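Q: quick one: sequence plus predicted model below, questions after.
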Amino acid sequence: MNPARGAARWYVAESSAGDAARSVRLGRITAPTRRLALRWLRRQARRFADALDPDPYAPWVPGRALHPVSGGPGLVGGARHPLTGARPDAPAELRAWADSFREHDYALLRLADGLPYEFVARDALAWYGLVVRPLGR
């Protein structure tokens, strides 16, 4: 038996966020399988999305605590992408990524090949990054 083939490989998953001036690591885990590392990242993505843009009807939100806001030109969140005209929406991107089976299959294939995988969601003021990478043998 080839000892290199039988060696277990571990994976590091990290979440971070930042703006133009600084970045902060928000969490990190070491997992024995790539699927467990990716599962942790999916939970992180949903947690960030819910913290940034909570459902106003969630049981933990007090009644009438949140109100819809329009993204008019006077608001910082009203900035639009210069090419597409779309407003950056990091919570929506994080939720879409967390629910995308296609993207997770792609991440699993990259990790199986020994390559890292990274996803970054941006909004008008900040970025939110999810990274998973295999540890060396």
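A: Arrived safely.

Q: Tyr117 reaches Arg133, doesn't it?
A: Yes - at 7.4 Å, Tyr117 counts as touching Arg133 under the criterion of CB atoms under 8 Å. Glycine gets a C-beta too; all of them are placed from N, C-alpha and C.

Q: got any residues that touch both of these two?
A: Shared contacts of Tyr117 and Arg133 (CB atoms under 8 Å, 6 or more residues apart in numbering): Leu111.

Q: so between these two, which is more surrounded?
A: Using other CB atoms under 10 Å as the criterion, Tyr117 and Arg133 rank with Tyr117 on top: 23 against 18.

Q: strands along this protein, start to end?
A: 11-18, 23-31, 117-122, 127-134 (DSSP state E).

Q: could those strands go into JSON lines alongside distance to Leu38 and mean pLDDT?
A: Shown next, in JSON lines, are the strands of the chain (distance: least, CB to CB, whole Å; pLDDT from 0 to 100):
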{"stretch": "strand 11-18", "distance to Leu38": "7", "mean pLDDT": "94"}
{"stretch": "strand 23-31", "distance to Leu38": "9", "mean pLDDT": "93"}
{"stretch": "strand 117-122", "distance to Leu38": "8", "mean pLDDT": "94"}
{"stretch": "strand 127-134", "distance to Leu38": "6", "mean pLDDT": "94"}
